[in-house]
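**Q** just coords:
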Ligand code: BGC
């Protein structure tokens, strides 16, 4: 019976492999818990030796003497305080030499407890990647994990052991400048990205020399600041908080994030920093988070401005009670915690808990064994000059560019064009490409950044002439450069116009009420179009802008965000078709600020508006469309994709069961390309109103021209659940609509199924 025999062998082989895998997992788990127990013991033994002042010192974080995002207190005796064990961490210290010098002082303290060095490594250290919202547009989780991995490799080689990233705040208001730092408006996509970024920063395990601690911020709901004004209050229902704003934070916890940062905003009147519900009940309680929470810059002291604390004493009491473990820069802990303990307002056990959480991370990072572990000048040099990092930055930058318009298939451009006019205020600058949170590393100039001009020069052949004119500034109304720009446009086969925001126009404290393309840049476009030449517009920005003139009149548009140090090469790759654009918008782009906040997963309302022509007592604007200019999930390709054959494994699903969904995607165009296939679900009738659709899965697939692939999704109870009126996470029996789309609006296929008990 040879057949039976080989089947048996195969079966045995599989069993053996399974047993081995299980055994290895168990062994790893045992080793990890043994390591954790050993670390806990060490933490306890250090804690026993500490005075109250030394304990409070660990909860105190200072800025170095430059680079600040808030008011800086300059202490002349910082070194002395560190030597006395009164500081647990520093931020904004750059370069191994300087980090080493502070660490040397720390280990002169009585208990030789090393410092943690934190830094906003948001989209790269030296090698700069696209700003986070741009990377989110790639929907490429592996690429985002890789960019965080590389950022961590460079930062940790430069002495840093803690990044204040990822920012996982959901944001639905592009007036808020910090949309540039997150993953956009959607909870499902945002949670996947949060997970990938934490994994990327933290690598295999803390303690490896190429990892940094990640920090999920800003806990919580900071992205919902009223009116899009930074630092403003947030007022939201618990249901919205749990369903939309908290899941990316939970995903970060699931990925093993080491730290959290709380937030500047108050949530329903309670400042996040003094918010026990958020930090103790949810984060450390329900979610079992074992790391520590750092305040945002000065946010402990800012509770006095919020009007929830009379002075620093009350602010410190509120923050430590609520679960904020480390005080970034406000000095309220340093000045008041001893007294608060003496006054029996704060039990020492509360301080001990915070100290233990911080010491534990110092042990896990290996800083007690070697405080200079991350300060190796040789490794720093090698990591900061690794060509593989630039290559990865170029690839993800190309993946982040969104093709918004391509009339008459103007793009990709032919490589043998005779003359190209490259015009605009963003063509030649280097640093504008880096975006808001770039890091000015001392001793490193900007020459490694590939300007858009250089990128195009690198790409074109000897027979193509590249002409340049600046045309105008980013801001202001000076039109003097228009004539020169028009002149070179007339000589060209095609015009490429690079316009947008300055890199400090989106970011922290960069809220704007007018999010049009600034200055006279669109007027310049008007003049260039009057020449009759085709104009490709590159829009560089940190947020969704409003640009209706450009959208309606330009021949082609690429939304290039701020793409980082390889911007120029990546843009050229896309313009000439060496990379076929695949990105899709992670945020809705409004037609006008009057529509904000605007997001695809809204409720239907009792009087839904379905078209812009009918305003008769329904939920619409009388003077403005209800539809965004570009919807969530939108983005074109040089090729076209056809969706067919949507199949569900069953039409009735039992609650513990699952439905398998399959759909065939065909590349029907001339170019190889990637498509982001999006799966949306609508719960048609619920005990509370449910969104008109919610993203519940997606798949980014590569298809050669002419190729077809069938992809599969799985629908389970989790994907059908929501928070009901009692805030229970439930899936309610009933009918569901499942749609498959190329965007949240461009729905290609539709099916229904029923969830039964
Ligand atoms: C920001 C944080 C940042 C911190 C340190 C604050 O102003 O809100 O996101 O990590 O500064 O730079």
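**A** That came in fine, so what should we check first? Keep in mind that this is a model prediction, so the values were computed, not measured.
**Q** so residue 697 belongs to a helix, correct?
**A** No - going by DSSP: H, G, I helix; E, B strand; the rest coil, the assignment for residue 697 is strand, not a helix.
**Q** burial count for it?
**A** Here the count is done by other CB atoms under 10 Å, and residue 697 has 19 residues near it. C-beta coordinates here come from the backbone N, C-alpha and C atoms, glycine included.
**Q** what sits closest to it if chain neighbours are left out?
**A** Nearest residue to residue 697, sequence neighbours excluded (CB to CB, 6 or more residues apart in numbering): residue 679, at 4.2 Å.
**Q** let me know the secondary structure of the residue in the stretch 401-550 of the chain positioned nearest to the ligand.
**A** Per CB to the nearest ligand atom, residue 508 is where the stretch 401-550 of the chain lies closest to the ligand, at 5.6 Å. Put simply, residue 508 is coil when judged by three-state DSSP.
**Q** give the contact list for it.
**A** Residue 508 sits next to 69, 177, 178, 181, 230, 436 when contact means CB atoms under 8 Å, 6 or more residues apart in numbering.
**Q** just the strands in the stretch 201-350 of the chain please.
**A** For the stretch 201-350 of the chain, applying DSSP state E, counting those that start in this stretch gives strands covering 215-219, 259-262, 266-267, 270-271, 292-294, 327-328.
**Q** what's the answer for the stretch 501-650 of the chain, then?
**A** Using DSSP E, counting those that start in this stretch, strands in the stretch 501-650 of the chain cover 535-540, 556-559, 641-648.
**Q** so for residue 615, which of these sits nearest?
**A** Comparison of those against residue 615 by CB to CB identifies strand 556-559 as nearest, at 29.9 Å.
**Q** and that closest one, how far out from the chain's middle?
**A** Taking CA atoms, centre = their mean, to the nearest Å, one finds strand 556-559 lying 22 Å from the centre of the chain it belongs to.
**Q** in that strand, what counts as buried?
**A** 556, 557, 558, 559 (16 or more other CB atoms under 10 Å).
**Q** related to what we said a few turns ago, want to throw the strands of the stretch 201-350 of the chain into TSV with distance to residue 696 and mean neighbour count?
**A** Listed next are the strands of the stretch 201-350 of the chain as TSV, based on distance: least, CB to CB, whole Å; neighbours: other CB atoms under 10 Å:
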stretch	distance to residue 696	mean neighbour count
strand 215-219	22	28
strand 259-262	26	27
strand 266-267	27	22
strand 270-271	32	22
strand 292-294	31	27
strand 327-328	37	28
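**Q** could I get the pLDDT score of residue 615?
**A** Per-residue pLDDT puts residue 615 at 83.
**Q** next up, phi/psi of the closest residue in space to it that isn't next to it in sequence, please.
**A** Among residues not flanking residue 615 along the chain, residue 622 sits closest, at 5.3 Å (CB to CB, 6+ apart). The phi/psi pair for residue 622 (degrees, to the nearest 10) reads phi -80, psi -20.
**Q** which residues does the residue minimising distance to the centre of the chain contact?
**A** Nearest to the mean C-alpha position of the chain, by CA atoms, centre = their mean, lies residue 182 at 3.4 Å. Going by CB under 8 Å, 6+ apart, residue 182 touches 132, 133, 136, 167, 168, 169, 170, 171, 190, 223.
**Q** shaky segments in the stretch 601-750 of the chain?
**A** For the stretch 601-750 of the chain, no stretch is flagged by pLDDT under 70.
**Q** oh, I was asking about the chain
**A** Using pLDDT under 70, the chain drops low at 1-12, 14, 25, 29, 66-71.
**Q** pretty sure residue 139 is touching residue 701, no?
**A** No - with contacts counted by CB atoms under 8 Å, residue 139 stays clear of residue 701, the gap being 11.1 Å.
**Q** those two: who's more crowded?
**A** Neighbours were counted for residue 139 and for residue 701 using other CB under 10 Å; residue 139 has more, 27 against 16.
**Q** over to that one. Which of the three states is it?
**A** Per three-state DSSP, the local secondary structure of residue 139 is coil.
**Q** name the nearest residue to it, sequence neighbours excluded.
**A** residue 676 is the one closest to residue 139 (CB to CB, 6+ apart), at 4.8 Å.
**Q** quick one: contacts for the one you found?
**A** With contact taken as CB under 8 Å, 6+ apart, residue 676 is in contact with 139, 582, 584, 633, 635, 698, 699, 700, 742.
**Q** cool, and residue 594?
**A** Residue 594 makes contact with 621, 624, according to CB under 8 Å, 6+ apart.
**Q** how does it look with 6 Å?
**A** When contacts are counted by CB atoms under 6 Å, 6 or more residues apart in numbering, residue 594 touches residue 624.
**Q** ok, residue 180 next?
**A** Neighbour list for residue 180: 131, 133, 436, 506, 507, 542, 543 [criterion: CB under 6 Å, 6+ apart].
**Q** quick check: residue 685 touching residue 734?
**A** Yes - counting by CB atoms under 6 Å, residue 734 is a contact partner of residue 685 at 5.2 Å.
**Q** higher neighbour count, these two?
**A** Set residue 685 next to residue 734 and count neighbours by other CB under 10 Å: residue 734 wins out with 14 against 11.
**Q** which ones are touching the more buried one?
**A** By CB under 6 Å, 6+ apart, the contact list for residue 734 reads residue 685.
**Q** one more: residue 357?
**A** Residues near residue 357 by CB under 6 Å, 6+ apart: 292, 325.
**Q** can you lay out the strands of the stretch 201-350 of the chain as CSV showing distance to the ligand?
**A** Formatted as CSV, the strands of the stretch 201-350 of the chain follow (distance: least, CB to the nearest ligand atom, whole Å):
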stretch, distance to the ligand
strand 215-219, 6
strand 259-262, 6
strand 266-267, 15
strand 270-271, 14
strand 292-294, 9
strand 327-328, 7
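**Q** got JSON lines for these, with distance to residue 277 too?
**A** JSON lines is the format used below for the strands of the stretch 201-350 of the chain (distance: least, CB to CB, whole Å):
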{"stretch": "strand 215-219", "distance to residue 277": "11"}
{"stretch": "strand 259-262", "distance to residue 277": "12"}
{"stretch": "strand 266-267", "distance to residue 277": "8"}
{"stretch": "strand 270-271", "distance to residue 277": "7"}
{"stretch": "strand 292-294", "distance to residue 277": "14"}
{"stretch": "strand 327-328", "distance to residue 277": "20"}
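**Q** which of these sits closest to residue 708?
**A** Minimum separation from residue 708 across the strands of the stretch 201-350 of the chain (CB to CB) falls at strand 215-219, 39.6 Å.
**Q** same for that closest one, what does it pack against?
**A** Strand 215-219 sits against strand 259-262, with contacts defined as 3 or more CB pairs under 6 Å, 6 or more residues apart in numbering; DSSP states H and E.
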